[in-house]
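Peer 1: Below is the sequence, then the predicted model.
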Protein chains: 2
Amino acid sequence: MATTIYDVAKLAGVGLGTVSRVLNNSPAVRDSTRQRVQAAIRQLDYTPDPIARSMTRGRTGTLAVIIPFFTRPFSIEVLRGIEASTSRLGFELVVYNIENDAQRDDCFRRLPMSRKADGLLVVSVSPKDVFIPNFAQAQLPTILVDAYNPSITSVVVNNVDGSYAAMKYLLEKGHRRIGFINGQIEGNFKFNQANDRLIGVHRALGEAGINFEPELMEIGSWDRQGGRLASQRLLNLKNPPTAIFAASDVQALGTLETAKAMKLSVPRDLSIMGFDGIELSEWLELTTMQQPMYHMGELGMALLMEQIENPQKPPELIRLNTELVERSTIGSPKIRNEQ
Amino acid sequence: MATTIYDVAKLAGVGLGTVSRVLNNSPAVRDSTRQRVQAAIRQLDYTPDPIARSMTRGRTGTLAVIIPFFTRPFSIEVLRGIEASTSRLGFELVVYNIENDAQRDDCFRRLPMSRKADGLLVVSVSPKDVFIPNFAQAQLPTILVDAYNPSITSVVVNNVDGSYAAMKYLLEKGHRRIGFINGQIEGNFKFNQANDRLIGVHRALGEAGINFEPELMEIGSWDRQGGRLASQRLLNLKNPPTAIFAASDVQALGTLETAKAMKLSVPRDLSIMGFDGIELSEWLELTTMQQPMYHMGELGMALLMEQIENPQKPPELIRLNTELVERSTIGSPKIRNEQ
DNA sequence: GTATTCTGTGGAAATGCTTCCATAGTTCCA
DNA sequence: TGGAACTATGGAAGCATTTCCACAGAATAC
C-alpha cells in the first residue's frame, strides 16, 4: 500500500540500512550511493512514516500543552508564543484544553505515562501534588507557565509586585478608597495568582497606612460577567470606592460596563486599573499592568527544550516583571467634601 | 524500562494475546481471566503505548487542524467548536498554525502523506488544486471550514446573502453612499469569502438602483489596522460615505477608531456595520452580521467523523446562514442638504 | 461413543522504521 | 607484502502492539 523503506531500497539497489542512513543524514554513505537513494526517494514520493520512527527512536516530535479555557485572551496570547516557538523548532503541538477538575486530573494522570509527547507545557494550572511523582517517574520533561510547583521549573509573573505597583499608582493618584476585584482563588483551578495579587494589595495599603476594608474586596470569575457583578456590588456600597483595581482586563471591562450603566464617567467619577494587558485593554484605553504573555510562552518553550536536552536539570523558578501601562482610565478622585 | 504487555501477561499468568483482548474489550475472554488480567494491569499501573497501538491499528486517535492566524477572534471561535467536539469524541487535537504561503503549502504537501492524523480539518484556507490529488490518494479524510473546494466537503457561511442582507439593511435605513471595506481577496491566502461578500454588495446596490462606485470600496487586511487605514481613506473622500460596511468586526473596530479620531459620532455622523459577530462586537455595541462560528467548528467535526467512517462519501457543500444582530452603530443618515 | 462445533487461549507474524553487528572491500603503514 | 585500520554496506534484531491462525478442551449432535 504505502511505500516503505524497502521499496526505496529495492529501487535504488541498496540495502534498507543504507536508505535509513540517507534519511538520517548519516555521513557514512558514499556520495554516489546517496544520490541514487535520493533519486529513488523522489521517484517514489516517499515519506518515512512518523509513527514507525517514533517507535524506534523513542521520540515523537510532538509537544503537548495543557491549557484551561484556551479561549481566554490571556491564554491565547501565551499560546501564541508557545506555538511560534514550537513550529520554529520543528515540533508539532497537541493542545489539551481543560474546563474542569476532572479533565485536569485526567490529563495529569494519563499524559506522563503515555509516550505521546516529548515534553509538556502546562499553562495556568498547577498539577495536584499527587501527580507530581508521575511526572518524575515518567521522565516527561515539564514546564509550568503562569503556575507554580516547587518541583517543576515554573515561569510566573511577579504577581505580588505587580498588584503592589498597581495599587501604589492608584494611591499616588490620591485614591484612598480602592475597590479590588480578585479572581477566584480556589475555584475550579488553583490560581495562586489571585492570592499573590491580594498580598500585593495588602502591602501597598499597609505602606500607605490604610486599613484593608473587607467590603472593598470582591471575588468574581475571571471573565467579564465576574467583573460586572463584582463592580456592581462595589459601587452600590454606601461609601463606594473612587477607584477599582481588577485582577484581569476582562474584569475591568465588566467594571467599565457597570460604570457606563450607572452613568459614571471614567476616569472622572471612577478610575479603573486592569491587569494582563491584552489587546482589548488597548482598544478600551485601559490603564493596566501588562504581563509579558507572549514572552512567557516563548520562554516556557525555551526552558522545555533545555529540560528535554538535559532531564537532570534541577527545577527553577523564573519570575518576570509586569509593567504599568498608563492609558486613560485613571485620574485623581474628586474631593468629596469640596463638592 | 516501561512496563509492557508482556509484563502484564507474565504477572497474570496468561498469554499476551489475552491481555490485548482484555485491553480491547474483546468479548472472547472468560470472566475470571479478565479479572486476573485487570488486576495485573492495575498492579503494574500499566498503560498501553499509544505509538505501538497506532503502529498496528493504522489509526492515531489524533485529528489535525490547519488554521491560519489562529489568534484571530473568528478563528478562535471556530476552534472552540472544533476542540469541544474533538475532546468529546476522545480524539486529540494537533494544531498547525500557518502564517504564510510557504507554510501552507508545506502543510498540504506533507500532512496527507504522513499517517500522523486520522482526519484533517482546514479552516479559512483552500488548498491549491495541485494538492488535491494528494488528499485523494492518501485517503486522508478532510473537511474544509470557512473555505471551499469542489472535491472536498466544505462548510461555509452564505457570504453572498450575508453581505447582501447587511447592505440592504443599510440601504433601508436610508443610506445611499455606503463605503465597503473588504478583506484581501488574493492576499496571502485565497479567501473567496471576500469575493462572495463583494458580490452581495453589488447585488444589493443593483436592486436599489445605485451604481457601484469603485472609490467607495477599499481593501484592507482583515485586522484592526486594515480597517483603520481603509476607513481613513474612505472618510477623507471629497464626498465621504454616510455608512461603512466592514467585512470583519475587527475592521469595523478600526473604523470606529478612525471615526473617534475624526470626531465623528457613531451612528449620528457615521453608521458602521460589521461582519462575524465575535464577542468584541457585543462590547462595542456593534451592529453586525453574525456567523455561526462555534457551530461551524462543531459541524466540521461531525462531518469529519462521517468522512472517517465512510471514506467513500461524496463531497458536499454546506451553506449556513448569517444573522443580522442589530445593536447601536447604525442610524439614518443626516440629510446633507437640509444642513 | 464418535464426530462436530464452539469457546478460550497462546503465540507467531506483521507494522515500518532505527540501530547495531558483521563483513567485504579499500587504504595505510612498516 | 601482510596485516591493521578504515569505510561503506547489508540485513537481523528490536520497538510494543494487534491480529490471525492453530489448537486444546468442553459442549453438542447424531
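Peer 2: Happy to help now that I have it. Numbering: from 1, shown residues only, chains lettered A, B, ... in the order given.
Peer 1: Strands of chain A, start to end?
Peer 2: A:62-68, A:92-98, A:119-123, A:142-145, A:154-157, A:178-183, A:217-220, A:243-246, A:271-276, A:287-290, A:317-320, A:323-325 (DSSP state E).
Peer 1: Mind putting the ones you listed into JSON lines with mean pLDDT?
Peer 2: Listed next are the strands of chain A as JSON lines, based on pLDDT from 0 to 100:
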{"stretch": "strand A:62-68", "mean pLDDT": "93"}
{"stretch": "strand A:92-98", "mean pLDDT": "93"}
{"stretch": "strand A:119-123", "mean pLDDT": "94"}
{"stretch": "strand A:142-145", "mean pLDDT": "94"}
{"stretch": "strand A:154-157", "mean pLDDT": "95"}
{"stretch": "strand A:178-183", "mean pLDDT": "94"}
{"stretch": "strand A:217-220", "mean pLDDT": "93"}
{"stretch": "strand A:243-246", "mean pLDDT": "97"}
{"stretch": "strand A:271-276", "mean pLDDT": "97"}
{"stretch": "strand A:287-290", "mean pLDDT": "97"}
{"stretch": "strand A:317-320", "mean pLDDT": "96"}
{"stretch": "strand A:323-325", "mean pLDDT": "97"}
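Peer 1: Relative to DNA strand D, which of these is closest?
Peer 2: Checking the strands of chain A against DNA strand D by Cβ to the nearest atom of the strand gives strand A:62-68 as the closest, at 16.6 Å. For every residue, glycine as well, the C-beta is placed using N, CA and C.
Peer 1: Mind exporting the C-alpha coordinates of that closest one to CSV?
Peer 2: Extracted in CSV, the C-alpha atoms of strand A:62-68 (Å, rounded to 0.1, in the frame of the first residue of the first chain):
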residue,chain,number,x,y,z
THR,A,62,5.4,16.4,19.4
LEU,A,63,4.9,18.8,22.4
ALA,A,64,1.8,18.9,24.5
VAL,A,65,0.3,21.9,26.1
ILE,A,66,-2.4,21.8,28.8
ILE,A,67,-4.3,25.0,28.9
PRO,A,68,-7.5,25.8,30.6
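Peer 1: Partner strands of it, with direction?
Peer 2: strand A:92-98 (parallel), strand A:119-123 (parallel) (DSSP bridges).
Peer 1: List the buried residues in the last one.
Peer 2: Judged by neighbour count (16 or more other Cβ atoms under 10 Å in any protein chain shown), strand A:119-123 contains these buried residues: A:119, A:120, A:121, A:122, A:123.
Peer 1: Now for residue A:84, how many residues are close by?
Peer 2: Residue A:84 sits with 16 neighbouring residues when counted by other Cβ atoms under 10 Å in any protein chain shown.
Peer 1: Residue A:311 now?
Peer 2: 10.
Peer 1: now do the one 10 residues further on
Peer 2: Here the neighbour count serves as a burial measure; for residue A:321 (other Cβ under 10 Å) it reads 13.
Peer 1: OK, contacts around it?
Peer 2: Contact analysis of residue A:321 by Cβ atoms under 8 Å, 6 or more residues apart in numbering or on different chains lists A:157, A:158, A:161, A:162, A:292.
Peer 1: which of those lies closest to chain B?
Peer 2: Among the contacts of residue A:321, residue A:292 lies closest to chain B (Cβ to the nearest Cβ), at 16.2 Å.
Peer 1: ok now do the closest residue to residue A:144 other than its chain neighbours, which residues does it touch?
Peer 2: The spatial neighbour of residue A:144 that comes closest, neighbours along the chain excluded (Cβ to Cβ, 6 or more residues apart in numbering or on different chains), is residue A:154 at 4.1 Å. Contact analysis of residue A:154 by Cβ under 8 Å, 6+ apart lists A:143, A:144, A:145, A:147, A:148, A:315, A:316, A:317, A:318.
Peer 1: residues from chain A in reach of DNA strand D?
Peer 2: A:13-18, A:20-21, A:27-30, A:32-34, A:55-56 (Cβ under 7 Å from any atom of the strand).
Peer 1: Residue A:87 contacts residue A:63, correct?
Peer 2: No: using Cβ atoms under 8 Å, residue A:87 is not in contact with residue A:63, being 10.1 Å away.
Peer 1: Between these two, tell me which one has more neighbours.
Peer 2: Counted by other Cβ under 10 Å, residue A:87 and residue A:63 do not tie: residue A:63 has more neighbours, with 23 against 17.
Peer 1: From DNA strand C, how far off is the more buried one?
Peer 2: 20 Å (Cβ to the nearest atom of the strand, to the nearest Å).
Peer 1: Show me what that residue bridges to in the sheet.
Peer 2: Residues in beta-bridge contact with residue A:63 (DSSP bridges): residue A:93, residue A:119.
Peer 1: Please identify the most buried of the strands of chain A.
Peer 2: strand A:243-246 (a mean of 31; mean count of other Cβ atoms under 10 Å in any protein chain shown).
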